[in-house]
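# sharing a sequence plus its predicted fold:
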Amino acid sequence: MKTVEREDDDRLIKAAQSEPVRFAELYEQNFHRVYAFIARRVGSRDQAQDLTAEVFHQALASIGSFRWQGAPFISWLYGIAANVLSAHWQKFGRNPAQLCEDWDLGGSDEIERRAILAQLVESLMPDQRLVIVRRFIEQRTIREVATELGRSEGAVKQLQLRALENLRDKMGRKI
């Protein structure tokens, strides 16, 4: 699986390096992981969105100089995210050492587990995936998601329940 993922990343990176407009595919593939990484470390959804946008802005600006270093592409994005968060905290007074602490506590196993979870979320049925992303990454309420989907709150709760059950089942087989 990792070889296929690496080949896909390699293809997308080469395309983005020759035609920056093709960076959109890398953005789509990695947005949720980067957003989740940042959202766990900042105080609001607005900050998380702004900082995530800055990560991808910097990544696009430097994609031409990207070189494989043996780690997955998402690791490079996490490095940019760590720098963006550090700059943000220095500007607004939070201790940047907290990011290193968070990173060390998670370790590479935690990062790998989160990457697997992100892939599994992507494999959910579209409505289930949307509910999971809106509820747990974007931290929206059941009511907000129901309004967006044009469904009842009960229907959104059912979608969420089924999605979580599917993820638990798939996580059990993956890990």
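Structure received. Residues are numbered from 1 along each chain as shown.
# name the element L124 belongs to?
Using DSSP states H and E, L124 is not contained in any helix or strand.
# from L12, how far off is it?
Applying Cβ to Cβ, to the nearest Å, the value for L124 to L12 is 22 Å. All C-beta atoms are positioned from the backbone trio N, CA, C, and that covers glycine.
# same check on H57?
18 Å.
# okay, the two: which has more neighbours?
For H57 versus L12, the count of surrounding residues by other Cβ atoms under 10 Å is larger for L12: 21 against 12.
# wait, that one sits on R22?
Yes: counting by Cβ atoms under 8 Å, R22 is a contact partner of L12 at 7.2 Å.
# so where do the helices sit in this protein?
Per DSSP state H, the chain carries helices over the ranges 2-18, 23-39, 45-62, 73-92, 97-122, 126-132, 142-149, 153-174.
# tabulate those helices (a markdown table), appending mean pLDDT.
Output for the helices of the chain, formatted as a markdown table (pLDDT from 0 to 100):
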| stretch | mean pLDDT |
| --- | --- |
| helix 2-18 | 67 |
| helix 23-39 | 87 |
| helix 45-62 | 90 |
| helix 73-92 | 83 |
| helix 97-122 | 60 |
| helix 126-132 | 86 |
| helix 142-149 | 89 |
| helix 153-174 | 86 |
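# so what's the closest residue to R33 other than its chain neighbours up against?
Spatial nearest neighbour of R33, chain neighbours left out: A118 (4.7 Å); criterion: Cβ to Cβ, 6 or more residues apart in numbering. A118 makes contact with H32, R33, A36, according to Cβ atoms under 8 Å, 6 or more residues apart in numbering.
# so which of those wins on neighbours?
Within those, most neighbours by other Cβ under 10 Å means R33, with 22 neighbours.
# return the distance of that one relative to H57.
For R33 relative to H57 (Cβ to Cβ), the value is 17 Å.
# over to L85?
Distance from L85 to H57, counting by Cβ to Cβ: 14 Å.
# do A24 as well
13 Å.
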